[in-house]
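1. Mind folding the following:
(one chain, ligands or ions: 1)
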Amino acid sequence: MSTRLLHIIATPRGLASNTGRVSSVLIEELHQKYDDLEVTTLDLFSADLPAVAGVNIKSKYALMTGQPVDEAATGSWQEIERTIEQFLAADLYVLTVPMWNFGIPYALKYYIDAIVQPGYLFTYNEQGQPVGLVEGKKMVCVTSRGGDYSQPPMSELDQVQSYLGSIFGFVGISDIEFFPVQPCDVTVELRNAAAKAAIADVRAWVATGAWDAQPAVSLAP
Ligand SMILES: Cc1cc2nc3c(=O)[nH]c(=O)nc-3n(C[C@H](O)[C@H](O)[C@H](O)COP(=O)(O)O)c2cc1C
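-> Okay, here's the model as predicted:
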């Protein structure tokens, strides 16, 4: 059984991407280390993501209160389900995420709003507490920033790492590694140095075997 990796790309910059410069090395290194790796790429800025509005928002609220999805809304809701299925079918995730106005790009927020649904990625226990349903998965987030947010006071403005850790931790993914690339937009020399340092960190991390390529337990039907 192969190990399935979903590479979620949240930059529209293609080959010019500062984040992609590092995450492409990560994917390459993982391919070399684990020959059973099967990579699916989800480019969020060219993906046709389902609406989190209209009938789908009604369905979401129905599900949140334990009601079934309205029959007329089933077809539309299936688009949300297909997006969720693709996410849940992966054992491992690599996220390529630049900082946009201190947070994540809107396309990634849109995707998260589409997949984080009650009964699929989380549920509530008898005490009414939320419980994550995504078990046994691992994630690496390569993030990049124009400035350097590694130290206070700039680090206090950085909502990328804290948000990604919170939302994916909420759904049950607690094994998350972050590789920041920064500063990327101060000078070309600093950008190259930041990429070089992050690539060295990524290579060292892959070499430790932190991802042992054991397929995780999949929740996909
Ligand atoms: C819409 C937008 C907003 C940005 N906001 C920030 C920001 O708040 N702080 C920062 O340091 N850089 C910011 N940047 C710069 C990017 O984070 C930086 O160039 C990053 O390396 C881009 O990654 P990419 O080349 O993979 O898209 C912004 C860039 C864009 C396009």
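2. Please enumerate the helices of the protein.
-> 18-33, 54-64, 74-88, 106-115, 160-170, 188-207 (DSSP state H).
3. would you turn those into TSV with mean neighbour count, mean pLDDT and distance to residue 39?
-> To be clear about C-beta, it is placed using only N, CA and C from the backbone, and glycine gets the same treatment. Below are the helices of the chain laid out as TSV (neighbours: other CB atoms under 10 Å; pLDDT from 0 to 100; distance: least, CB to CB, whole Å):
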stretch	mean neighbour count	mean pLDDT	distance to residue 39
helix 18-33	19	96	6
helix 54-64	15	94	29
helix 74-88	16	97	13
helix 106-115	19	98	18
helix 160-170	17	98	19
helix 188-207	15	97	14
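4. closest one to the ligand among these?
-> Closest approach to the ligand among the helices of the chain (CB to the nearest ligand atom): helix 18-33, 3.3 Å.
5. which strands and helices sit next to that closest one?
-> strand 3-9, strand 37-43, strand 92-98, strand 138-144, strand 175-181, helix 188-207 (3 or more CB pairs under 8 Å, 6 or more residues apart in numbering; DSSP states H and E).
6. In CSV, list the C-alpha atoms belonging to the longest one.
-> Read that as helix 188-207. Output in CSV follows, covering the C-alpha atoms of helix 188-207 (Å, rounded to 0.1, in the frame of the first residue of the first chain):
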residue,chain,number,x,y,z
VAL,A,188,17.7,39.3,-3.1
GLU,A,189,20.7,38.3,-0.9
LEU,A,190,18.5,37.9,2.2
ARG,A,191,15.9,36.0,0.1
ASN,A,192,18.5,33.6,-1.2
ALA,A,193,20.0,33.1,2.3
ALA,A,194,16.5,32.4,3.7
ALA,A,195,15.7,29.8,1.0
LYS,A,196,19.1,28.2,1.5
ALA,A,197,18.7,27.9,5.2
ALA,A,198,15.2,26.5,5.0
ILE,A,199,16.2,24.0,2.3
ALA,A,200,19.0,22.8,4.6
ASP,A,201,16.5,22.5,7.5
VAL,A,202,14.1,20.6,5.3
ARG,A,203,16.8,18.2,4.0
ALA,A,204,18.1,17.6,7.6
TRP,A,205,14.5,16.9,8.8
VAL,A,206,13.7,14.4,6.0
ALA,A,207,17.0,12.7,6.7
